[in-house]
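Engineer: My questions are about this predicted structure, shown below with the sequence.
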Amino acid sequence: MINILFAGNEKVFDGVLTCILSILKRTETKEPFAVYLMTMDVSHIKDTYTPISDRQVDFLRGVIKKYNPENEVVKIDVTPLYDKEFANCPNEDAYCSPYTLIRLFADQVDSLPDKLLYLDVDIMFNRDVRLLYDTDVSGVEYAAARDHYGKYLINPNYVNAGVLLFNLKKMKETGLLEKARGLIKTKKLVFADQSAIIRSTTKKKMLPQRFNDQKFLHKHTVVRHFSKRLFWLPYPHTDNIKQWHVSRVHKVFGYYQFDDILYEYIYLKRKFEEEGTI
């Protein structure tokens with residue numbers, strides 16, 4: 001079983017759908033996938049902070065089972081954990097949203113397997129996921145690639161936490177996530193969950209940049225991470241183009257390599273919306 005973990009609210013549907021499709025279409029394996037979706041309801045903080053819906057989960061499950069009937073999607077509601085641990089904490093207004101914090105509960109969810117690939121939703125696989133997933137993490141807490149900007153501005157080995165291959169068993173032994181939660185509850189951190197994970201790490205494995213390429217797409221790129229990035233032209237500015245912004249992916253990046261995935265996404269998204277109006 002290949003185990004994938006996402007986290008977020010109902011707004012992550014487009015990202016989860018496109019990322020899952022990229023994994024399924026770029027991976028040649030008969031081994032089934034288990035996709036775990038960690039979510040929660042914190043609409044008391046903001047109206048849009050509502051959990052991934054059961055309807056979204058059912059639709060995603062239907063999509064992946066067409067590729068392999070043994071594939072599964074599992075929704076994990078961590079609202080009680082969040083309310084107990086992080087309510088009113090210094091990082092509740094994290095740079096993205098409180099949903100960036102909930103992967104820090106992975107060690108408290110008994111149903112999660114020992115080996116688990118955590119992915120941000122703004123990610124597309126350009127090559128087979130097994131190139132990443134088959135990495136040996138038996139002696140470390142996790143494997144991760146360097147952050148494109150952080151490796152220059154902060155530390156040469158500063159990692160980006162958008163792609164993390166967890167050895168959850170080892171993380172429980174070292175208490176990494178428990179320590180990270182402690183930091184979240186007591187200290188205001190610039191990058192919240194990412195900072196907490198990095199500060200709490202005992203031993204990690206560094207991955208080549210092709211496993212989390214946040215700026216370029218090469219032939220050898222396995223993971224293209226559509227994170228916010230700096231553009232120099234026509235003037236220095238940042239932009240946050242995601243893979244589901246299909247026309248901008250074409251116009252700004254000139255990427256057409258994902259069209260088979262993105263056109264299926266467009267068809268499925270329209271189908272999902274039409275089913276909701278019946």
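Structural biologist: Noted; the coordinates are in hand. Numbering: from 1, shown residues only.

Engineer: show me where pLDDT drops low in this structure?
Structural biologist: The chain contains residues with pLDDT under 70 at 94-96, 149-153, 189-190, 229-233, 235, 237-238, 276-278.

Engineer: now for it, which residue lies nearest the mean position of the chain?
Structural biologist: The residue lying closest to the centre of the chain (Cα atoms, centre = their mean) is residue 120, at 1.8 Å.

Engineer: all helices for the protein, in order.
Structural biologist: Counting by DSSP state H, the chain has helices at residues 13-26, 54-65, 79-85, 130-133, 150-153, 168-174, 176-186, 192-200, 246-248, 259-277.

Engineer: Turn those helices into a markdown table, columns for distance to residue 143 and mean neighbour count.
Structural biologist: From N, CA and C alone the C-beta is placed, and that goes for glycine too. Shown next, in a markdown table, are those (distance: least, Cβ to Cβ, whole Å; neighbours: other Cβ atoms under 10 Å):
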| stretch | distance to residue 143 | mean neighbour count |
| --- | --- | --- |
| helix 13-26 | 17 | 22 |
| helix 54-65 | 24 | 17 |
| helix 79-85 | 25 | 15 |
| helix 130-133 | 8 | 18 |
| helix 150-153 | 16 | 14 |
| helix 168-174 | 11 | 18 |
| helix 176-186 | 13 | 19 |
| helix 192-200 | 13 | 22 |
| helix 246-248 | 31 | 13 |
| helix 259-277 | 25 | 14 |
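
Engineer: Turn those into CSV, including distance to residue 116.
Structural biologist: Below are the helices of the chain laid out as CSV (distance: least, Cβ to Cβ, whole Å):
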stretch, distance to residue 116
helix 13-26, 14
helix 54-65, 17
helix 79-85, 17
helix 130-133, 10
helix 150-153, 23
helix 168-174, 6
helix 176-186, 12
helix 192-200, 14
helix 246-248, 29
helix 259-277, 23
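
Engineer: Quick one, which of those helices gets closest to residue 224.
Structural biologist: helix 13-26 (8.8 Å; Cβ to Cβ).

Engineer: what about the closest residue to residue 32 other than its chain neighbours, neighbour count?
Structural biologist: Excluding its sequence neighbours, the residue lying closest to residue 32 (Cβ to Cβ, 6 or more residues apart in numbering) is residue 70, at 3.7 Å. Neighbour count of residue 70, defined by other Cβ atoms under 10 Å: 13.

Engineer: For residue 36, see how far away residue 70 is.
Structural biologist: 15 Å (Cβ to Cβ, to the nearest Å).

Engineer: before we move on, what about residue 137?
Structural biologist: Distance of residue 137 to residue 36, computed by Cβ to Cβ: 17 Å.

Engineer: now do residue 128
Structural biologist: Plainly put, residue 128 is 21 Å away from residue 36 if you go by Cβ to Cβ.

Engineer: for residue 85, same thing?
Structural biologist: Note on residue 85: its distance to residue 36, by Cβ to Cβ, is 19 Å.

Engineer: How about residue 117?
Structural biologist: Separation of residue 117 from residue 36 (Cβ to Cβ): 10 Å.
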